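*Asks:* Here's my sequence, what's the structure:
(one chain, ligands or ions: 2)
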Amino acid sequence: MKPYNIAVIAGDGIGPEVINEGINVLNTISTINPDVQFDFTHFPWGCEFYSRHGKMMDEDGIEQLSAFDSIYLGAVGFPGVPDHISLWDLLLIIRKSFDQYVNIRPVTLIKGAHCPLSDVQREEVDMLFIRENSEGEYSGAGDWLFKGKENEVVLQNSVFSRKGTERIIRYAYETAKKQGKTLTSISKANALNYSMVFWDQVFEEVGKEYPEVQTASYLVDAAAMLMIKDPKRFEVVVTSNLFGDILTDLGAALAGGIGLAAGANINPEREYPSMFEPIHGSAPDIAGQGKANPLASIWSASQMLDFFGYEQYGKMVLEAIEQLLVEGTVLTPDMGGTATTSEVGKRVNELLVSIA
Ligand code: NAI
Ligand code: MG
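*Replies:* Ligands and ions are numbered 1, 2, ... in the order given. Sure, this is the predicted structure:
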């Protein structure tokens, strides 16, 4: 069979270290099933590239990437390059150009993962966040008037289009229906009297097409509290770009920490490549020391396998991560261990082979 063509943007800091381990895992899947092959093409884009060329990626970068089946991204950002540049000129450009309007972030407390809540059963933390990923509060619309003057004014506008709002909410209903789960919408219509009133209205409208899906709707502040106090309420969750960004970091903290949290940026129509990444950043504080936890990046590789239709292998990778955590002997320092990034990666691969 034809190999999947994967564009690899390892990026900055710990990005290359963790991506390397994810690639090893995908290659292990190829040894388990030789019909599933991957061809990796590396792009040297990111902040180091910026410091040499004055740009985060090639001018025709989007064109170059468009031919790939998916993009596997480490992290971008490094001291010296302002974060809004590294974010907007690479990550957000890719998400927007490829209409990756769905951001999927699992918040699942797998066996062996640490949860800071003392009175919670493992199965009670099992959420799937579906975050709007193309507009909303991160539309980049606004203005900066009278810069530096006394009457300085800054406008940062949110954009909620009917098309954009409907499609993310419909995607969430479809997911909840397929998985036989409840669907919770998180918004803030009491304070955001246009955007979130509209969001709630669309959530109700689209819901009429899915009478079988049980729903709930919370204000974002209450939702943040309930995620801690009663996480089992949340199964499939749909929310806006900003709220999803914040709540999924909270979710990451509930489900094993930043070293485990993965995210997929999906173009559901498959017109363009989708992008898979750990949600953590480039962690300059530990870069180059072999301390980075590769599990988030490996989990995002398992999301890629799911997306290609190989759910059995995606599940197998998660099982290997779970077994590693339960063993508890080969862990990086953020999880209380002393192992290096590559030792953890190697152990995941061994477990994967033994599971297969
Ligand atoms: P960060 O996620 O890089 O680091 C936060 C803390 O978590 C640090 O103490 C770091 O050592 C630790 N950490 C993160 N990932 C880890 C891993 N895999 N294993 C062990 N420890 C890990 O977030 P921070 O410090 O806010 O940002 C650093 C840079 O990364 C900035 O330039 C920021 O813009 C960028 N960034 C990029 C993202 C992306 O490319 N998707 C996402 C978030 C931040
Ligand atoms: Mg974030």
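
*Asks:* can you confirm residue 238 is in a helix?
*Replies:* No. The assignment for residue 238 by DSSP: H, G, I helix; E, B strand; the rest coil gives strand, which leaves it out of any helix.

*Asks:* What residues of the host helix or strand of residue 52 count as buried?
*Replies:* Under the criterion of DSSP states H and E, residue 52 resides in helix 47-53. The neighbour-count check on helix 47-53 (16 or more other CB atoms under 10 Å) flags 47, 49-50 as buried. Where C-beta positions appear, they are placed from N, C-alpha and C, glycine not excepted.

*Asks:* per-domain residue ranges of the chain.
*Replies:* Using automatic domain parsing, the domain parsing of the chain gives 1-105+257-356, 115-255.

*Asks:* Give me whichever of those domains is most buried.
*Replies:* Most buried of the domains of the chain by mean neighbour count (mean count of other CB atoms under 10 Å) is domain 1-105+257-356; its value is a mean of 19.

*Asks:* quick revisit: as JSON lines, the domains of the chain with mean pLDDT would be great.
*Replies:* As requested, the domains of the chain are exported to JSON lines (pLDDT from 0 to 100):
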{"stretch": "domain 1-105+257-356", "mean pLDDT": "96"}
{"stretch": "domain 115-255", "mean pLDDT": "97"}
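
*Asks:* ok so, going back, ok, then the element right after the helix holding residue 52?
*Replies:* helix 61-66.

*Asks:* what packs against whichever helix or strand comes after that next one?
*Replies:* As assigned by DSSP H and E, the chain's next helix or strand after helix 61-66 is strand 70-75. The helices and strands touching strand 70-75, judged by 3 or more CB pairs under 8 Å, 6 or more residues apart in numbering; DSSP states H and E, are strand 4-11, helix 15-32, strand 274-278, helix 295-307.

*Asks:* shouldn't residue 155 be in contact with residue 139?
*Replies:* No. Contact between residue 155 and residue 139 fails when scored by CB atoms under 8 Å: they sit 11.9 Å apart.

*Asks:* Phi and psi next, for residue 69.
*Replies:* With angles defined as degrees, to the nearest 10, residue 69 sits at phi -80, psi -30.

*Asks:* How about the contacts made by it?
*Replies:* 4-6, 273, 308 (CB atoms under 8 Å, 6 or more residues apart in numbering).

*Asks:* What is the nearest of those residues to ligand 1?
*Replies:* Of all the contacts of residue 69, ligand 1 sits closest to residue 273, with 16.6 Å by CB to the nearest ligand atom.

*Asks:* ok, the closest residue to residue 160 other than its chain neighbours to residue 158 distance?
*Replies:* Distances taken as CB to CB, 6 or more residues apart in numbering place residue 195 nearest to residue 160, at 4.7 Å, with adjacent residues excluded. Distance, residue 195 to residue 158, using CB to CB, to the nearest Å: 5 Å.

*Asks:* Residue 216 too?
*Replies:* Distance of residue 216 to residue 158, given as CB to CB: 23 Å.

*Asks:* Just confirm residue 316 contacts residue 356, I think it does.
*Replies:* Yes. Residue 316 is within contact range of residue 356, at 6.5 Å (criterion: CB under 8 Å).

*Asks:* Please enumerate the shared neighbours of the two.
*Replies:* Counting by CB under 8 Å, 6+ apart, the contacts common to residue 316 and residue 356 are residue 32.

*Asks:* For the residue of the stretch 251-356 of the chain found nearest ligand 1, which non-adjacent residue is closest in space?
*Replies:* Shortest the stretch 251-356 of the chain-to-ligand 1 distance, computed as CB to the nearest ligand atom: residue-wise this is residue 281, at 2.4 Å. Excluding the flanking residues, the one nearest residue 281 by CB to CB, 6+ apart is residue 75, at 5.0 Å.
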